[in-house]
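Enquirer: Quick check, what structure comes out for this input:
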Amino acid sequence: MTAPEIVRCRWAGITEPIYERYHDEEWGVPHANDRAMFEKLVLEGFQAGLSWLTILKKRENFRRAFHGFDPERIVRYGAKDIARLMADPGIVRNRLKVEATIDNARAVLKLARRTRLSTFLWAFLDGRPQVNSHRTFKTVPAETPTSKAISKALKAEGFRFVGPTTVYAFMQSTGMVNDHMVTCHRYEACAELQRRFKAHAERASG
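Expert: This is a model prediction of the structure:
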């Protein structure tokens, strides 16, 4: 007797093990981890114009190159660090995006003077994820009024490469919304995590 087939969202490249694990273990899981949210926001910016699978394969290299996405370290980067990053074949070598990452680190630290990044972001959803019920990718939006509002607010704080589409991809990946197909084996699991999730409670215990 063969095991039943596991149904996943039909992403291009989903059969690659690294993408499969990302889909099954990370995408759509809500959290309020500031460092992880900063990393994902930066990587979503690097992804613009590329596939997420490309970024995913380079993620460990990105983490190494950007000192674990520690804003305190990144904000001190100068010309030598930019040159080092531009010479690193393990990441996406785009000067504008590298420089934007430094600016984003600066924005995170400035924001931290009054609130956490996770607090700032989750406030747009009142701390509760949005559980959708898509049956086809045709109904999944590229951006929403909420992603537009977050994008505008982030830009006002000094962030770069955070357009509405980039922000919505970020919202999907960090579990702020559930855009797994209802037929996907991860839909109900993520929906349950999202129903139980309360951003302020996770921050208090994290």
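
Enquirer: low-scoring stretches of the protein, by residue?
Expert: The model of the chain has pLDDT under 70 over residues 1-3, 200-206.

Enquirer: In it, mark out all the helices, start to finish.
Expert: 17-25, 34-47, 52-65, 71-74, 79-86, 95-111, 117-122, 145-156, 164-173, 187-196, 199-205 (DSSP state H).

Enquirer: Throw those into TSV and include mean neighbour count and distance to residue 8, thanks.
Expert: For the C-beta atoms, the positions are set from N, CA and C on the backbone; glycine is no exception. Putting these into TSV (neighbours: other C-beta atoms under 10 Å; distance: least, C-beta to C-beta, whole Å) gives the following:
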stretch	mean neighbour count	distance to residue 8
helix 17-25	14	6
helix 34-47	21	20
helix 52-65	16	14
helix 71-74	18	34
helix 79-86	13	34
helix 95-111	19	29
helix 117-122	22	27
helix 145-156	17	24
helix 164-173	22	15
helix 187-196	16	10
helix 199-205	14	26
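
Enquirer: Any chance of TSV for those helices, columns distance to residue 10?
Expert: As requested, these are exported to TSV (distance: least, C-beta to C-beta, whole Å):
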stretch	distance to residue 10
helix 17-25	11
helix 34-47	19
helix 52-65	14
helix 71-74	36
helix 79-86	34
helix 95-111	29
helix 117-122	28
helix 145-156	23
helix 164-173	15
helix 187-196	13
helix 199-205	30
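
Enquirer: So which of those helices is nearest residue 7?
Expert: Distance to residue 7, taken as C-beta to C-beta, is lowest for helix 187-196 among the helices of the chain, at 9.4 Å.

Enquirer: and the closest residue to residue 28 other than its chain neighbours, what is it in contact with?
Expert: Residue nearest to residue 28 in three dimensions, not counting chain neighbours: residue 190, with 4.0 Å by C-beta to C-beta, 6 or more residues apart in numbering. Contacts for residue 190 (C-beta atoms under 8 Å, 6 or more residues apart in numbering) come out as 28, 29, 30, 175, 178, 180.

Enquirer: measure residue 148 to residue 22 for me?
Expert: 26 Å (C-beta to C-beta, to the nearest Å).

Enquirer: meant to ask about residue 12, not that
Expert: Counting by C-beta to C-beta - residue 12 and residue 22 are separated by 13 Å.

Enquirer: Thank you kindly, that will do.
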